[in-house]
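Enquirer: Any chance you can model this:
(2 chains)
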Protein chains: 2
Amino acid sequence: MAVPETKEFLLKVIDILLDFIRATNDRNEKVLDFHHPEDMKKLLQLEIPDNPVTLQQLLADCAITLKYQVKTGHPHFFNQLSCGLDIISMAGEWLTATANTNMFTYEIAPVFILMENVVLTKMREIIGWNCGDSILAPGGSISNLYAFLAARHKMFPGYKEHGSRALPGDLVMFTSDQSHYSVKSCAAVCGLGTDNCVMVPSDEHGRMITTELERMVLERKAKGQIPFFVSATAGTTVLGAFDPLNEIADICDKYNLWLHVDAAWGGGLLLSRKYRHPRLSGIERSLSVTWNPHKLMGALLQCSTIHFKEDGLLMSCNQMSAEYLFMTDKLYDLQYDTGDKVIQCGRHNDIFKLWLQWRAKGTEGFADHMDRLMDLAQYQVKKIKQNPDKFYLIMEPECVNVSFWYIPKRLRGGTEGFADHMDRLMDLAQYQVKKIKQNPDKFYLIMEPECICPIIKARMMQTGSMMVGYQPDDRRPNFFRSIISSAAVTEKDVDFMLEEFDRLGHDL
Amino acid sequence: MAVPETKEFLLKVIDILLDFIRATNDRNEKVLDFHHPEDMKKLLQLEIPDNPVTLQQLLADCAITLKYQVKTGHPHFFNQLSCGLDIISMAGEWLTATANTNMFTYEIAPVFILMENVVLTKMREIIGWNCGDSILAPGGSISNLYAFLAARHKMFPGYKEHGSRALPGDLVMFTSDQSHYSVKSCAAVCGLGTDNCVMVPSDEHGRMITTELERMVLERKAKGQIPFFVSATAGTTVLGAFDPLNEIADICDKYNLWLHVDAAWGGGLLLSRKYRHPRLSGIERSLSVTWNPHKLMGALLQCSTIHFKEDGLLMSCNQMSAEYLFMTDKLYDLQYDTGDKVIQCGRHNDIFKLWLQWRAKGTEGFADHMDRLMDLAQYQVKKIKQNPDKFYLIMEPECVNVSFWYIPKRLRGGTEGFADHMDRLMDLAQYQVKKIKQNPDKFYLIMEPECICPIIKARMMQTGSMMVGYQPDDRRPNFFRSIISSAAVTEKDVDFMLEEFDRLGHDL
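Expert: Numbers count the residues shown, from 1 in each chain, chains lettered A, B, ... in the order given. Below you'll find the predicted structure:
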């Protein structure tokens, strides 16, 4: 494509993107235009042709793709931990695409490698360390994997070469039953087996019960196994709970366990003056921290970081001495080459969008932004409490996750109402609703509580008015969990969300 | 940021990007403006401020970032397996950034999930399968990890829960000594230990010696170990060699081993009518294939795929049954949700840029493009052979990697010349040059051959005229390896490359 033609084509693409951005920020636009997969296929022309399509057709392809894409940046999208569309971060990602470089060496990514150094050093300082090493990874799950691998390597250096044969017993890791499933996945991926990922019970707020942690460590030790790794969670996926880090750190000190903090979600609150403590107190005592700027901080997907208190560990753990790729006789200081520190070899440039966004906000601006999101979640909590006939707040949230049931008209009020019913279910935490159903002689199930959520969700998707997620947990049948992590959300959007529940579900 | 201000800012960013694209395509522009890290830090303003910088400053930040970034799309950039800047794929990545969605469910990425289905099905058909399952992963190394995990799970389903305790002996995997280091890394990550990743010797073309493979399998079996996995390479990183897939498949059949083909690099030639056979003959007999469209096919970074002949395996291997994330009571057909198939949980959208690019080229266009790149590499080989005084071709390439030594003036011609010297080194394949130096009584080393490459490389980076990589291997001291994987390269650029070597290095 010649340069003027290139420019014309690209500017037309930009027009389409600007139109999508406008629609994303327009509260009168739908969040999504839902169609079932088989219908959607008919609306799109997805097939790969043998011969080229025209530039005109490619522009039409772009437009229709965005027409049917969910607007994750819309102020009424409360569905995922990553909501919003930060324009500066997006501009950064456009530049990243155009620069199209890999991140393995200073040789081919000099500016971006230096940016990584600056930003990751800053993040370690915010954690509370003036030392260490860090890397960007493709998502929080891989970041947690990095932590697991570094811990195993540090504590059992022979494992890298000899595997489990290097050890006198099975390695065991610990995490709470509310932790992200990627922690358990490490046990499967890395050869421990999920049997050796111990799920420590959590309290009613979703926080790890530390007396249970200690009991379970001792139990495994008594079996001749080798406890070595604890993954505490700072901001659980569903409830937004923060494990008590100082108490866990004490146990890790006592039994010589590696303390990792999965702050993929809650890490953003490290920037907050108002909400950092007590939630994240003690994080500086950990040896590794996962922190995803693409979540609370609103950097574009993906932007995930993993930090280590000890420098040199990433390299000694992961390097395979691929001299053919990472030569040692180059003209510049090789400490800037990162290729040998990582398990992916090639790495996407995930730093520029975050660096540019951080320049645009400043650290103070990020602090204000975190406080604003939390204040909005508190506003939502207040509104829910003011409407006890329509909503049942499951717990006071520690993060921007707000968990609640919506109560349809016919279940409101009185002692036989929905709230009492849910209270009873919560008392029966150890039983799932299916157990209730298995005992129809003992329990009278007023309605199928799981049904409300999927029906309301289906209705909101079909009308396209908003998106809020729901899920069950070990103690409760399906409940809604809204997330406020988009800078676009205002009090009015929170009001809209709650009113929309009533419009969609009052008749159920 | 209000909408008109947003638009104005973004259009100014686009101006900066268009200027970079223009410079990237201008042969009179330098490929890079090199500065050592400490100097570069002074040229840039990298620090993160407490308070916001202005939009004007952000634009300046973007401009200076690109000023000092290496132009990986420049026609004189022959340095990495991923070269070039495909404008359509780039436009796709801009749209991807603006859509900013995660890929775990149809719910939030309906169009992109369907695109993945279409493109990955097409790729499996091209491999030679009319069945199976595939996923996009963050890079070839993670794709290889997926293959390893699926193989282990299929052959030893108890491993996921019970780890190595489920087996009567150690698992052993095999790959050639030319394979990508990520294969060996699987053994470290997954708990086998690198001891149990057997590096099978390769022949003088860099292809796995299959008699050695069989011998080593038997050797390990005799020790009571459990060989289970062979990773063959279709396109090695340095030499571009293709392992003999049919011979390896025969051995895998005979000993019940999982055959994985790492075609991250060479996979693009599956699209070529002219070059697919015999290089990739037999790939259809494998059980898994890694294939990176961000390499030969020129899709933007990152775009890596992993394919399995058996459907259902990704799910049973990787799912952790995170009901709280991947609900089973949704309103649409859940077979489209991918979150539970992957180890990353959240996934970047890597499909749109490839889908759009494939629409733009058509499958026929891709085939022509592959042939064109190979023909250009053959043109380079011809030119090298026509100048035996200046260049020494290390071997006839099977891919677009061309490996050669450049011969400075003082070493040209005569029986004491550089070529004879290098021939002798090649005869001494099992010895490194350092061994020659350790025996000064027996060998006369005319010059330090390793020195030529780093000096020329330093000069090309300092002048910024081009980028070509070099590395040693087990048989040879440092040699240059150029890559032609950019659609921008022409015969004249190949001529330029070879002439530039002479300008940069004739006096050495």
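Enquirer: Quick check: the residue of chain A nearest chain B.
Expert: Here the residue of chain A nearest chain B is A:Gly191; by C-beta to the nearest C-beta that distance is 2.4 Å. Quick note: C-beta positions are derived from backbone N, CA and C, even for glycine.
Enquirer: surely that residue meets B:Ser164?
Expert: Yes - judged on C-beta atoms under 8 Å, A:Gly191 makes contact with B:Ser164 at a distance of 5.8 Å.
Enquirer: Residues that sit against both of these two, list them.
Expert: A:Gly163, A:Ser164, B:Gly191 (C-beta atoms under 8 Å, 6 or more residues apart in numbering or on different chains).
Enquirer: where's the dip in pLDDT among these?
Expert: Taking the shared contacts of A:Gly191 and B:Ser164 together, the minimum pLDDT is found at A:Ser164 (86).
Enquirer: Could you report the separation of the residue of chain A closest to chain B from B:Val119?
Expert: 33 Å (C-beta to C-beta, to the nearest Å).
Enquirer: Kindly report the same for A:Glu125.
Expert: For A:Glu125, the distance to B:Val119 - C-beta to C-beta - is 43 Å.
Enquirer: more neighbours, the two?
Expert: Taking other C-beta atoms under 10 Å in any protein chain shown, A:Glu125 and B:Val119 do not tie; B:Val119 has more neighbours (22 against 12).
Enquirer: Now do the SS call for that one.
Expert: helix (DSSP: H, G, I helix; E, B strand; the rest coil).
Enquirer: what residues are up against the nearest residue to it once chain neighbours are set aside?
Expert: Counting by C-beta to C-beta, 6 or more residues apart in numbering or on different chains, B:Trp355 is the residue found nearest to B:Val119 once chain neighbours are left out, at 5.4 Å. By C-beta under 8 Å, 6+ apart, the contact list for B:Trp355 reads A:Leu46, A:Ile48, B:Gly92, B:Met115, B:Val118, B:Val119.
Enquirer: re earlier: and A:Gly191 and B:Ser164? which has more neighbours close in?
Expert: A side-by-side neighbour count of A:Gly191 and B:Ser164, using other C-beta under 10 Å, places A:Gly191 first with 25 against 20.
Enquirer: How about the contacts made by the more buried one?
Expert: A:Gly163, A:Ser164, B:Tyr159, B:Gly163, B:Ser164, B:Cys190, B:Gly191, B:Leu192 are the contacts of A:Gly191 under C-beta under 8 Å, 6+ apart.
Enquirer: In this structure the second one contacts B:Ala166, no?
Expert: No - counting by C-beta under 8 Å, A:Ser164 does not reach B:Ala166; the two are 11.7 Å apart.
Enquirer: how about the strands in chain A?
Expert: A:77-78, A:133-137, A:171-176, A:197-200, A:226-233, A:258-262, A:288-291, A:304-308, A:391-393, A:401-406, A:467-471, A:479-483 (DSSP state E).
Enquirer: out of those, deepest packed?
Expert: Per-stretch averages of neighbours, counted by mean count of other C-beta atoms under 10 Å in any protein chain shown, single out strand A:288-291 among the strands of chain A, with a mean of 30.
Enquirer: List the contacts of that one.
Expert: A:123, A:127, A:140, A:143-144, A:146-147, A:150-151, A:258-264, A:267-268, A:270, A:283, A:304-309.
Enquirer: Enumerate every residue touching A:Asp495.
Expert: Applying C-beta under 8 Å, 6+ apart, the residues contacting A:Asp495 are A:Lys383.
Enquirer: Can you pull out the low-pLDDT segments for the stretch 201-350 of chain A?
Expert: By pLDDT under 70, the low-scoring segments of the stretch 201-350 of chain A are A:322-328.
Enquirer: Just the ones of the shared contacts of A:Gly191 and B:Ser164 in helices?
Expert: Secondary structure from DSSP state H places none of those in helices.
Enquirer: Now render those residues as TSV, adding distance to B:Gly346.
Expert: Formatted as TSV, the shared contacts of A:Gly191 and B:Ser164 follow (distance: C-beta to C-beta, whole Å):
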residue	distance to B:Gly346
A:Gly163	30
A:Ser164	30
B:Gly191	25
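Enquirer: From those, pick the one nearest A:Val402.
Expert: Proximity of the shared contacts of A:Gly191 and B:Ser164 to A:Val402 was ranked by C-beta to C-beta; the top entry is B:Gly191 with 40.2 Å.
Enquirer: Distance check, that closest one against A:Pro138.
Expert: For B:Gly191, the distance to A:Pro138 - C-beta to C-beta - is 21 Å.
Enquirer: next one: A:Thr363
Expert: 26 Å.
Enquirer: Just want to know which of these two has more residues nearby.
Expert: A side-by-side neighbour count of A:Thr363 and A:Pro138, using other C-beta under 10 Å, places A:Pro138 first with 24 against 16.
Enquirer: which residues touch that one?
Expert: A:Pro138 neighbours (C-beta under 8 Å, 6+ apart): A:Gln302, A:Ser304, A:Gln344, A:Arg347, A:His348, A:Asp350, B:Pro138, B:Gly139, B:Ile142, B:Gln344, B:His348.
Enquirer: next one: A:Asn144
Expert: Contacts of A:Asn144 by C-beta under 8 Å, 6+ apart are A:His180, A:Ser182, A:Val183, A:Cys186, A:Ser231, A:His260, A:Asp262, A:Ala264, A:Thr290, A:Ile306.
Enquirer: Spell out which parts of the stretch 301-450 of chain A neighbour chain B.
Expert: A:301-302, A:318, A:320-325, A:327, A:329-333, A:336, A:343-349, A:352, A:355-356, A:358-365, A:450 (C-beta under 8 Å from any C-beta of the partner chain).
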